[in-house]
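Participant: Just the structure for this:
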Amino acid sequence: MICAQRVHRILLALLIIASIGGIHSGAFFFGATYILLGISIFFLVWAFTDFCPLLFVLKKILPECKYGKKQDT
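Facilitator: Below is the predicted model of the structure:
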C-alpha cells in the first residue's frame, strides 16, 4: 500500500538524484542550483521546526503509513 511517508522518501531521493545529475551533466546553472536551494530550505525548515511542508501536503492526499502500529480488532 502506498502511503504519505513512503512517497515522501521516494520524492526526496528523486530530487537529490536529479540535482546530482544536473551538477555532473554541466547543467548546474540551468536548474540544479534551484533544486539544491529548494532541498536545502526544506531540510532546514524540517530540522529546526520538525515540520516538513511536502509531508504535510502528502498527508492531505494519501493516508499515513501504519508501520508498527497495532490495529484494534
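
Participant: Give the next helix or strand downstream of the lengthiest helix in the chain.
Facilitator: Using DSSP state H to define each element, the chain has its longest helix at helix 4-24. Counting by DSSP states H and E, the next helix or strand C-terminal to helix 4-24 is helix 32-49.

Participant: what distance separates that next one from the centre of its chain?
Facilitator: 10 Å (CA atoms, centre = their mean, to the nearest Å).

Participant: Report all helices and strands that that helix contacts.
Facilitator: Using 3 or more CB pairs under 8 Å, 6 or more residues apart in numbering; DSSP states H and E, the elements in contact with helix 32-49 are helix 4-24, helix 53-61. Bear in mind the C-beta positions are built from the backbone N, C-alpha and C, glycine included.

Participant: again, only this time at 6 Å
Facilitator: Secondary structure elements in contact with helix 32-49, counted by 3 or more CB pairs under 6 Å, 6 or more residues apart in numbering; DSSP states H and E, are helix 4-24.
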